[in-house]
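>>> Got a predicted model here, sequence first, then my questions.
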Amino acid sequence: MPRSGTAALLFTTTLLVAVNINNANANSVKKLSISAQDGFNQAPVITVYSSNGERWDKVDKTKISQFSINLKAECKYEGKGNKAYKGRMSVSGFSLVGDSAEPANFLIPHSNEASGNYSYTQGQNLSPSEVCNDELNKRLSSQPTLSKYHILAKGLNVNYPAAFTVGYHLTCKPTGLGFTDSASKTTQVNAKIACLASAIAETKIPKPKPKTATAMLLPLIKSIKFKATPSTYKGSCPSGIKFNGSISSNNAGTVKYRYVSHDAKVSPTFTLKFNKASTLAVRNWHRTVSKPEASSTLAVKGASSNNTISGWYRLEVLTPDTKGKVTAKYQVECIEPTPSRAQIKNEPLSPSHE
């Protein structure tokens, strides 16, 4: 065979083998879909703390967060023992801890979920610290009686939807000679942000101001005492009746008062000055009561019957405005003295009448 014919035959054979290999062994991604799990029951927990008691400012990178997603992955060719599969799950801003990613490569076509343990490295689209501080500000606006230190000292939790981006990369390796195919998908997953209680903030909680004792607005005058001595008298007349008493105050101040009788007699105005809460005696007053004439009557609210006289004096407070008054009543019965025997014997005899 001519040399040129041999070369043509070799080229044709090689091309046919390559085409057959590509058609028989090249692999491809048949299906890849991922999605976030509903709710927050299986959401990863990100822990944040406060280094100064003023705000949440640090993510605890020593804490491990578990991320999980729903997974549907399938290659055109599986290969013996599913050796054609290779998968990798990643989380933006986090690094995989050890070889904790699931499922294993050979289990990818038989799994409905992918998960892994990750540690926080740096913020991406979401800052966990700012999530805590935003919630702090919200609670301060709705609870104005609290300081930020009250909330920092207690801590709080925030459920944050679509917080982080999770990706999954699937590789379908050829089952023999051929080509590799791959595909990637991403989804947003929910997260729980744990804003830890701060012991430093607790020491900064403002001490409650002592409650100011509300001073009771007591009236100046506490009590008034006023009486007649004696209040009842029976004997010879004229007879004297004394009036005395006292005024007690709740605090310092000035009291002006006067006396008014049943028969409209009015005394001058008297003054008591209190330097503090105390009791001071009022001005003594006196009245002489004589036997009434049979034809006379006493003035307003006084009364006389035969030899009995009833009357009163009233102590009236003029200032302060919280006025008060107390009436002292008296009763006097005038009785003529009975002559003694000696007086009777010494009386001259009446002249006789014949």
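Received the coordinates, thanks.
>>> so who does Asn70 touch?
Ile34, Ser35, Ala36, Gln37, Asn112, Glu113 (Cβ atoms under 8 Å, 6 or more residues apart in numbering). C-beta coordinates here come from the backbone N, C-alpha and C atoms, glycine included.
>>> so which helix or strand takes in it?
strand 64-75 (DSSP states H and E).
>>> So what touches whichever helix or strand comes after that strand?
Moving toward the C-terminus from strand 64-75, the next helix or strand (DSSP H and E) is strand 85-91. Applying Cβ under 8 Å, 6+ apart, the contact partners of strand 85-91 are 67, 69, 73, 75, 78-79, 96, 101, 103, 105-106, 108-109, 114-116, 118, 164-173.
>>> Equivalent analysis for stretch 125-137, please.
46, 48, 55-59, 92-93, 120, 148, 151-152, 156, 158, 160, 163-165, 191, 193, 195.
>>> For it, give the mean pLDDT please.
Stretch 125-137 shows a mean pLDDT of 93.
>>> mind listing what's buried in it?
Leu126, Pro128, Ser129, Val131, Cys132, Asn133, Glu135, Leu136 (16 or more other Cβ atoms under 10 Å).
>>> Ok, stretch 274-282 next?
Buried positions in stretch 274-282, judged by neighbour count with 16+ other Cβ under 10 Å: Phe274, Val282.
>>> so where is this structure shaky, pLDDT-wise?
Scanning the chain for pLDDT under 70 picks out the ranges 1-25, 123-124, 211-216, 293-306, 322-323, 338-354.
>>> Let me see the domain layout of it.
26-203, 221-334 (automatic domain parsing).
>>> Lys209 is nearest to which of these?
Lys209 lies closest to domain 26-203 among the domains of the chain, at 12.7 Å (Cβ to Cβ).
>>> and the closest one, how far apart are its ends?
This stretch, domain 26-203, spans 67 Å end to end (Cα to Cα, to the nearest Å).
>>> Stretch 151-162 too?
Note: stretch 151-162 ends 25 Å apart using Cα to Cα.
>>> so where do the strands sit in the stretch 151-300 of the chain?
156-172, 181-195, 221-229, 232-235, 239-249, 253-261, 270-274, 279-281, 285-289 (DSSP state E, counting those that start in this stretch).
>>> picking that back up, name the stretch among the domains of the chain that sits most buried.
The highest mean neighbour count among those, using mean count of other Cβ atoms under 10 Å, belongs to domain 26-203: a mean of 17.
>>> Doesn't Arg139 belong to a strand?
No. Per DSSP: H, G, I helix; E, B strand; the rest coil, Arg139 lies outside any strand segment and is helix.
>>> On the three-state scheme, Lys61 is what?
coil.
>>> now the residue nearest to Gly324 when sequence neighbours are not counted: how far from Ala328?
Setting aside the residues directly before and after it, Gly324 is nearest to Val317 in space (Cβ to Cβ, 6 or more residues apart in numbering), at 4.7 Å. Going from Val317 to Ala328 by Cβ to Cβ, to the nearest Å gives 15 Å.
>>> can you check Thr279 too?
Counting by Cβ to Cβ - Thr279 and Ala328 are separated by 18 Å.
>>> And Ala36, by the same measure?
Per Cβ to Cβ, Ala36 is found 94 Å from Ala328.
>>> got a list of what His113 touches?
I think there's a mix-up here, since residue 113 is Glu and not His. Glu113 neighbours (Cβ under 8 Å, 6+ apart): Ser68, Ile69, Asn70, Leu71, Glu102, Pro103.
>>> Among the residues you listed, find me the one that's closest to Cys237.
Looking across the contacts of Glu113 and measuring by Cβ to Cβ, the closest to Cys237 is Ser68, at 114.9 Å.
>>> Give me the residue at the spatial middle of the protein.
Thr145 (5.2 Å; Cα atoms, centre = their mean).
>>> Find the nearest non-adjacent residue to Ser249, please.
Spatial nearest neighbour of Ser249, excluding adjacent residues (Cβ to Cβ, 6+ apart): Phe274 at 4.3 Å.
>>> what pairs with that neighbour across the strands?
With DSSP bridges applied, Phe274 shows beta-bridge pairing to Gly253.
>>> Equivalent analysis for Asn157, please.
Counting by DSSP bridges, Asn157 is bridged to Ala194.
>>> which residues sit in contact with it?
Contact analysis of Asn157 by Cβ under 8 Å, 6+ apart lists Lys192, Ile193, Ala194, Cys195.
>>> from these, which is closest to Arg287?
Cys195 (85.8 Å).
>>> Trp56 is in contact with that closest one, correct?
Yes. With contact defined as Cβ atoms under 8 Å, Cys195 reaches Trp56; the gap is 5.2 Å.
>>> Mutual contacts of the two, please.
Val48, Tyr49, Cys132, Leu136.
>>> and the last one, what are its phi and psi?
Per-residue torsions, Leu136: phi -60, psi -50 (degrees, to the nearest 10).
>>> Next one: it relative to Ala264, how far apart?
Counting by Cβ to Cβ - Leu136 and Ala264 are separated by 78 Å.
>>> Centre of the chain to whatever helix or strand Ala328 lives in, how far?
Using DSSP H and E, Ala328 maps to strand 325-334. In terms of Cα atoms, centre = their mean, to the nearest Å, the centre of strand 325-334 is found 61 Å from the chain centre.
>>> And for stretch 312-331?
Stretch 312-331 sits 51 Å away from the centroid of its parent chain (Cα atoms, centre = their mean).
>>> And for that stretch, what's in contact with it?
219-221, 224-228, 230-233, 241, 243, 245, 247, 253-262, 269, 282, 285, 287, 289, 301-302, 308-311.
>>> Endpoints of stretch 174-181, how far apart?
Start-to-end, stretch 174-181 (Cα to Cα) is 8 Å.
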